[in-house]
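S.K.: Got a predicted model here, sequence first, then my questions.
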Amino acid sequence: MIIAEKKPIEEVIEMVKDFRKILIVGCNECVTVCEAGGKREVAVLASSLRMYFMNQGKDTQIDEVTLERQCDREYLEEIRNRIEQYDVVISLACGVGVQFLAETYSRFPVYPGVNTCFMGVTEERGVWSERCQGCGQCILGSTGGICPISRCAKRLLNGPCGGSTKGKCEISKDLDCAWQLIIDRLKELDRLDEYEQIAPIKDWSTERAGGPRRVVREDVRQ
Amino acid sequence: MKTDSRLEKVLKTGGLAVTSECGPPRGAVPEKIREKAAMLKGYVDAINVTDNQTAVVRMSSLAACIFIRQMGLSAILQMVARDRNRIAMQSDILGAYSHGVDTMLCLSGDHPKFGDHPMAANVYDIDSVQMVQMVKQMRDEGTFQGGGDIENPPKMYIGAAANPFADPFELRVPRLAKKVTAGVDFIQTQCVYNLDKFERWMAQIRERGLHEKVHILAGITPMKSAGMARYMKNRVPGMDVPDELVNRMAGVPKEKQGAEGLTIAVESIERLKEVKGLSGFHIMAIEWEEKVPEIVERAGLLPRPEV
């Protein structure tokens, strides 16, 4: 899923302090799971903002809604009738949702309430970590199911580098060396001999480097 | 001969090669490069020029290599994968070769986190193994990585690094084997302090016959003080400094620790000279270049051959 973090309240206040009718829109997908932009976080942000405006002596209307998703038009349509009454929208979806909301309601200023971080997993409640950078050409089949692009700090395809120490990455003691993990896994699978095959120079044109990406599937297109 | 590299010629003689390195200055001060290189003249076969080592901005390796070439000395262009994509790398290789720089060292590079611009974007378009492949393709096939023909292909003698001391130890030889498969000509190792472990590593290299396919130069860095020994032991990733060495440094008075460090370096070289399959030494006297001649002389590595 997409992992996000709540923006500091001061930053959100700075964006919306001059508005009087605010709609906070949460998302029921990834950001709910990572506890950054679901129904509960919408409620918390709403009460913090109400408190701020009350202390400022400013009469401000703050409403809350949480959509099933903000990356699909059909769910964004659910607020079409009520959005007219607000003068600003704060989206607590990931950057994808914020943009799609802004695109759908282009007359309204839309501000982000979270920082979108990465595609990752819940290691345990309160700890999320990265697993994929969406390079568009998956190599997990040859790396024992562990991605060196997202998990090696130097995205080495023929690692490990000389800084791997006791299973940890040289940049942080809290970070596993991806290549140590790959080697351990290949060993477990009795495939360590595959390590010596040189991973070819990667074509990054399917990654960010190739420009904004699009997938078109004629077989499912309507 | 694959190239006109002086290092290749020296290694071809079968004698022990000696290289050293210069870290370029943190400013537009070419005289500093010239001073450092002048100290090494006649004592080493070629001089590595580091590429923004530890991710700290310095004068470019290429520019500094050109100054060294202009002094009639042989320079080894270090290039890291951190800051350049394949377009910039190949472009700099053409530029380097045009200036008579015919030897290079392909590295991944230290992560920006360690440097003076931890906020910088990093590149890592290709890794060091792939860089070796790319430079070899440019040299032997006369084509760019993208496939296009090169007019007057750069005949680079290709080096890479190896760290016999990083984890996992069992992977250290297989990783070197990958570099050999990629086409590397010579290897310069991480600083060797744990001689026993280095000898075990070399034994594994010989077991696989890799010493016959690649020239290995052992990295030697003299320690200036007990403090430096402790720092190298505890703070530098992938460095293996045995306790006995730290204790030996700490056991002499402060003002004599530098001399002790030099003696340790000389003793290390003398012992490693006996290691079968080793082709020479890479002496990295960090900001202590003036001591390289003494080490080379005391270790019996003079005179350097005329090739």
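M.R.: Cool, the structure landed.

S.K.: And the pLDDT at the residue of chain A found nearest chain B?
M.R.: Proximity to chain B, evaluated over chain A using C-beta to the nearest C-beta, is greatest for A:Gly162 at 3.3 Å. The way it works is simple: take the backbone N, C-alpha and C, and place the C-beta from them, glycine included. The per-residue pLDDT reported for A:Gly162 equals 87.

S.K.: For it, which non-adjacent residue is closest in space?
M.R.: Distance criterion C-beta to C-beta, 6 or more residues apart in numbering or on different chains; nearest residue to A:Gly162, sequence neighbours excluded, is B:Asn163 at 3.3 Å.

S.K.: quick one: that neighbour and B:Asp240 touch, right?
M.R.: No: applying C-beta atoms under 8 Å, one finds B:Asn163 not in contact with B:Asp240, separated by 9.1 Å.

S.K.: quick one on the thing from earlier: how about the residue nearest to A:Gly162, what does it touch?
M.R.: Listed by C-beta atoms under 8 Å, 6 or more residues apart in numbering or on different chains, the contact partners of B:Asn163 are A:Gly162, B:Arg172, B:Thr189, B:Gln190, B:Gly238.

S.K.: Which ones among the residues you listed lie within strands?
M.R.: B:Thr189, B:Gln190 (DSSP state E).

S.K.: Specify the next element, helix or strand, located C-terminal of the biggest helix by length in chain A.
M.R.: Longest helix in chain A, counting residues (DSSP state H): helix A:39-55. On the C-terminal side of helix A:39-55, the closest following helix or strand by DSSP states H and E is strand A:61-67.

S.K.: Only the buried residues of the helix or strand following that next one, if you could.
M.R.: Sequence order places helix A:73-76 as the next helix or strand after strand A:61-67, per DSSP H and E. Buried residues in helix A:73-76, counted by 16 or more other C-beta atoms under 10 Å in any protein chain shown: A:Tyr75, A:Leu76.

S.K.: same thing with stretch B:172-185?
M.R.: Residues B:172-180, B:182-185 are the ones in stretch B:172-185 that count as buried (16+ other C-beta under 10 Å).

S.K.: If you count neighbours, what's buried in the longest helix of chain A?
M.R.: A:Glu41, A:Val42, A:Leu45, A:Ala46, A:Leu49, A:Tyr52, A:Phe53.

S.K.: The closest residue to chain A within the stretch 1-150 of chain B and B:Ala161, how far apart?
M.R.: Proximity of the stretch 1-150 of chain B to chain A (C-beta to the nearest C-beta) peaks at B:Val129, 3.9 Å away. Relative to B:Ala161, B:Val129 is positioned 11 Å away (C-beta to C-beta, to the nearest Å).

S.K.: ok, now A:Leu45?
M.R.: Taking C-beta to C-beta, one finds A:Leu45 at 50 Å from B:Ala161.

S.K.: One more: B:Lys254?
M.R.: 32 Å.

S.K.: Please name the residues that touch B:Arg84.
M.R.: Here B:Arg84 is in contact with B:Asp92, B:Val123, B:Asp125 (C-beta under 8 Å, 6+ apart).

S.K.: Kindly report the same for A:Ile146.
M.R.: A:Ile146 is in contact with A:Leu140, A:Ala178, A:Leu181, A:Ile182, A:Arg185, counting by C-beta under 8 Å, 6+ apart.
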